[in-house]
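K.L.:
what's the 3D shape of this:
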Amino acid sequence: MEDIPKIEKDTDTGTQLEQTLNYIPGRPYSKLRRELSDEELTNPAVQKLLLSEIDRLEIRVAELELVEKNFHSVDKEKAILVERGKAVNAMEILYSICLAIGSGLIGLASLFEIKEKGWIPLICGAVLIIVGVISKIVKKWD
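P.N.:
Below you'll find the predicted structure:
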């Protein structure tokens, strides 16, 4: 009897990194060897498979470019909103501090005689309250 050579499975699966990057579950050609000879490249079936894969990848690239464009526009909007939030927080802090200190100074003015030096904290407190109210109005205009 003739000695018929056994056909063995391709056991060269590449490195672990290649397996992780190239393997997509459910893909029937994921475990095939990747190098093609010139003779194999002239086969019409191989050419059609390669063209099909190129078309699929071009569609995927177009989708990813759209996602990238949307990402950048949303990222810019987020940065603008974060900066606006910082400005709003600063105005709220200014408003709160002006009202608190102004009210405290007006309350402190009652401890002094108005004719002597009690008018100084009274005027400073009123000015601070007015500045706080103006900062609140300016914030609403923005």
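K.L.:
Only C-alpha atoms from now on, for both contacts and neighbour counts.
P.N.:
Noted.
K.L.:
Does L36 belong to a helix, a strand or coil?
P.N.:
coil (DSSP: H, G, I helix; E, B strand; the rest coil).
K.L.:
what sits up against stretch 105-115?
P.N.:
The contact list for stretch 105-115 (Cα atoms under 8 Å, 6 or more residues apart in numbering) reads 118-126.
K.L.:
which among those residues end up buried?
P.N.:
With neighbours counted by 16 or more other Cα atoms under 10 Å, the contacts of stretch 105-115 contain buried members at 118-119, 121-122, 124-126.
K.L.:
hey, where'd the helices end up in this protein?
P.N.:
16-22, 38-41, 44-109, 119-141 (DSSP state H).
K.L.:
Make TSV from those helices and add mean pLDDT to it.
P.N.:
Below are the helices of the chain laid out as TSV (pLDDT from 0 to 100):
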stretch	mean pLDDT
helix 16-22	54
helix 38-41	80
helix 44-109	89
helix 119-141	86
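K.L.:
deepest of these, which one?
P.N.:
Highest mean neighbour count of these: helix 119-141, a mean of 16 (counted as mean count of other Cα atoms under 10 Å).
K.L.:
This completes my enquiry, with thanks.
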